[in-house]
Structures are given as structure tokens and as C-alpha cells.
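# I'll drop the sequence and a predicted model, then ask my questions.
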Amino acid sequence: MSKVQFNHVRLLRYATYFVFLCAGLPLSMQRAGSGPGAIGDMALLAWTACYLVFGLVHWLLTNQLGARLNGATRVAVLVILTGTALAIGALSKSGVGALLLIIVATVVPWLVSLPLGIAWMVVAHVALVPVFAEVPGWGVVSALMQACLYFGFSALVFIASMVASQQAEEREELRRLNSELRATRALLAESTRIAERMRIARDLHDLVGHHLTALSLNLEVASHLTNDVAREHVLKAQSTAKQLLADVREVVSELRQDDAI
């Protein structure tokens, strides 16, 4: 039975976007007003805009996850995702922003180095403390405990994504090395073929060419030492030897033309 192969980068993309959609369900139940659980009109509009911006940027980023981005673009993407997640939590007065930070933790290893990723996690979850403190009925201690809880989830996701990132880099390196190996093997085969052609050309030139030259010279001498009847046959043999020598030189020249890889 053949083993099913999965693209873990694509699965990671779809899984995080599924979590993003599920995280938006509690927000969709909020309504503007003055009753319990309601928020202001501007706050509702603001977190809706932040939620859409977060989803769009996340989709565009994960669509080319692992692609080469310059440092400024990486920092800008990380700031947008983190800022919109914290803004959603503050405007909606809920823990949805913390869930979105867990989603951001999946792409951090693809954007920055390990030390910067750890620093981002610490700063982002420290920023969650005042966000949780605004939730009705929660104090500073409860907010700190919730921030630590989500920090643990984000750390777990961060490590899993970092492993996936390293595996993708190793697979790309393996693909590059395999391509170089194939190219080297092809060059070696071509070099062997050219060396064989040169050996054949050298043998034709050194052996057959020299013998034909000697034969032609001997026939030239013989043509001056024989009578008229024999001279005609000697001249024909000499012409044939010269033609063979010309053919050998032409073959040697063709073999030596393709002498570069």
C-alpha cells in the first residue's frame, strides 16, 4: 500500500485559516449598542476592518509561505498581523485577539530568526495583559494568567511551525543538492564521451593516418621504379591511399570539433 504524501506547508496554511474563521464566529455575534456584551458602533466597525485586514494579509503571506521576502516586508507583515490581532482583542473586549496571536505564531518562524521570534512572543503576550484586564470581571491576576496560558499555546504552535520551516529548508537544500548531483553526473558522462572521441581521433591520426602516409610515400617511390603497365596500377593505389588519408583526416577533424562541455 502506497503511503499518502501531504504538503505540510499547505496543510498548515489551511489549518490556520480554518482557526481564523472559527475565531471570527464569536465576533459575529457581537452587536452595537449599550446592552450587556454590546460595543459601540465605531468599535464594531473598527474590529471588523481589523479582522478583514488580518485575514487578507495572512492569506497573502501563507499563499507564498517560505518565499524570499526582504527584511522590511517581513517586519511590516508581522507588525500588521500582531497589531490587528491586539486591536481586535481590545475593541471586542474578548480573547479572540489571543487566538489570532496563536495563528501569527505559526508564521513567525518563516519571517524572523529564532531569537527575534521568541522576543516577539514575549512582547505580544505581555501586551495581552491590559487587553484581558479590560474584560468585565477580570482583574490583573486573571489577565496575567490568561496571557501566560495563551503564551504556552503560542509557544507550542511556534515550535511546530519552526520544525516545519526547517524541514522545508532541508527539503529545498536536498532538492538543490540532487539537482547538482544530476548535473555533475551529466557533465561526467559528457566528459567521458568527449574523452572517448578524442581517444578515437588520436588513434586514427597516430596509427591509421601515419600508416596511410607511409603507404602513399612508398607508392610514390614505386611509381617511379616500375614500368608503364605497373605504374598505372601503382598510381591508382596511390590515389586510393591519398583519398583514404583525406577521409581519415576529415573524420579526425569532426571528432575534435566537439571537444568542449
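Happy to help now that I have it.
# and the residue nearest to the spatial centre of the chain, what are its phi and psi?
In the chain, the centroid-proximal residue (CA atoms, centre = their mean) is Glu172; its distance is 5.4 Å. Backbone torsions of Glu172, given as degrees, to the nearest 10, read phi -70, psi -40.
# packing partners for the helix or strand harbouring Tyr17?
Following DSSP states H and E, one finds Tyr17 within helix 8-28. Here helix 8-28 touches helix 41-63, helix 96-111, helix 140-203, going by 3 or more CB pairs under 8 Å, 6 or more residues apart in numbering; DSSP states H and E. (C-beta placed from N, C-alpha, C; glycine too.)
# Return the most buried member of these.
Of the helices and strands packed on helix 8-28, the one with the most neighbours on average (mean count of other CB atoms under 10 Å) is helix 96-111, at a mean of 24.
# what's the offset of that helix from the middle of its chain?
22 Å (CA atoms, centre = their mean, to the nearest Å).
# Run through the neighbouring helices and strands of that helix.
Here helix 96-111 touches helix 8-28, helix 41-63, helix 71-92, helix 114-126, helix 128-133, helix 140-203, going by 3+ CB pairs under 8 Å, 6+ apart.
# rank those by mean pLDDT and give me the bottom one.
Ranked by mean pLDDT, those bottom out at helix 8-28, which scores a mean of 79.
# in it, what's buried?
His8, Val9, Leu12, Arg13, Thr16, Val19, Phe20, Ala23, Gly24, Leu27 (16 or more other CB atoms under 10 Å).
# Now do that helix: everything it contacts.
The contact list for helix 8-28 (CB atoms under 8 Å, 6 or more residues apart in numbering) reads 47-48, 51, 54-55, 58-59, 62-63, 65-66, 88, 92, 94, 96, 99-100, 102-103, 106-107, 161, 164, 167-168.
# Just the CA trace of it, in CSV.
C-alpha atoms of helix 8-28 as CSV (Å, rounded to 0.1, in the frame of the first residue of the first chain):
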residue,chain,number,x,y,z
HIS,A,8,2.6,20.1,5.4
VAL,A,9,3.1,23.8,4.4
ARG,A,10,-0.3,23.7,2.6
LEU,A,11,-1.9,21.9,5.5
LEU,A,12,-0.5,24.5,7.9
ARG,A,13,-2.0,27.3,5.8
TYR,A,14,-5.5,25.7,5.6
ALA,A,15,-5.5,24.8,9.3
THR,A,16,-4.6,28.3,10.4
TYR,A,17,-7.1,29.9,8.2
PHE,A,18,-9.8,27.5,9.5
VAL,A,19,-8.9,28.6,13.0
PHE,A,20,-9.1,32.2,11.8
LEU,A,21,-12.6,31.7,10.5
CYS,A,22,-13.7,29.9,13.7
ALA,A,23,-12.2,32.7,15.8
GLY,A,24,-14.4,35.1,14.0
LEU,A,25,-17.6,33.4,15.0
PRO,A,26,-17.8,34.9,18.5
LEU,A,27,-17.2,38.3,17.0
SER,A,28,-20.0,37.9,14.5
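# tell me the angle it makes with helix 71-92.
30 degrees (axes from the mean of the first three to the mean of the last three CA atoms, to 10 degrees).
# Show me how far helix 8-28 is from its chain's centre.
24 Å.
# what angle separates that helix from helix 96-111?
Using the same axes, to 10 degrees: helix 8-28 against helix 96-111 is 160 degrees.
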